[in-house]
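Novice: sequence first, predicted model second:
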Amino acid sequence: MHLAAAAGIPCVAIFSARDYRGLWEPYGENHKVLRFDVPCSGCGLEVCDKNLECLNGIPVQQVYEACVVVMAKQKS
């Protein structure tokens with residue numbers, strides 16, 4: 001993701017809520033960042049004790065749609 005962003009290629013990035021919003025997001029324009037905030041956001045845990053609620057809360061359909069949007073912008 002970071003290499004693609006550095007090369008100016010828009011990315012779809014999926015993040016847990018382990019760290020704070022924006023901390024590891026790609027630089028530049030036209031990226032789509034997906035994140036689902038939960039009450040334990042910012043926990044900093046390396047091993048989740050909440051069944052990865054923050055990642056499992058991002059629906060597959062939302063990821064697919066984000067990819068379609070980012071790829072469509074590349075064609076125009």
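Specialist: Looks like it arrived, so ask away.
Novice: residue 16 is in contact with residue 54, isn't it?
Specialist: Yes - between residue 16 and residue 54 there is a contact at 4.8 Å, judged by C-beta atoms under 8 Å. C-betas here are computed from N, CA, C, even on glycine.
Novice: okay, and the common contacts of the two?
Specialist: Common contacts of residue 16 and residue 54 (C-beta atoms under 8 Å, 6 or more residues apart in numbering): 35, 48.
Novice: per-residue pLDDT of residue 51, please?
Specialist: For residue 51, the pLDDT comes out at 95.
Novice: part of a strand, is it?
Specialist: No - the assignment for residue 51 is coil, going by DSSP: H, G, I helix; E, B strand; the rest coil, so no strand is present there.
Novice: low-confidence stretches in this protein?
Specialist: In the predicted model of the chain, residues 76 satisfy pLDDT under 70.
Novice: helix/strand/coil for the residue sitting nearest the centre point of the chain?
Specialist: Of all residues in the chain, the one closest to the mean position by C-alpha atoms, centre = their mean is residue 14, 2.5 Å from it. Look at residue 14: counting by three-state DSSP, its state is strand.
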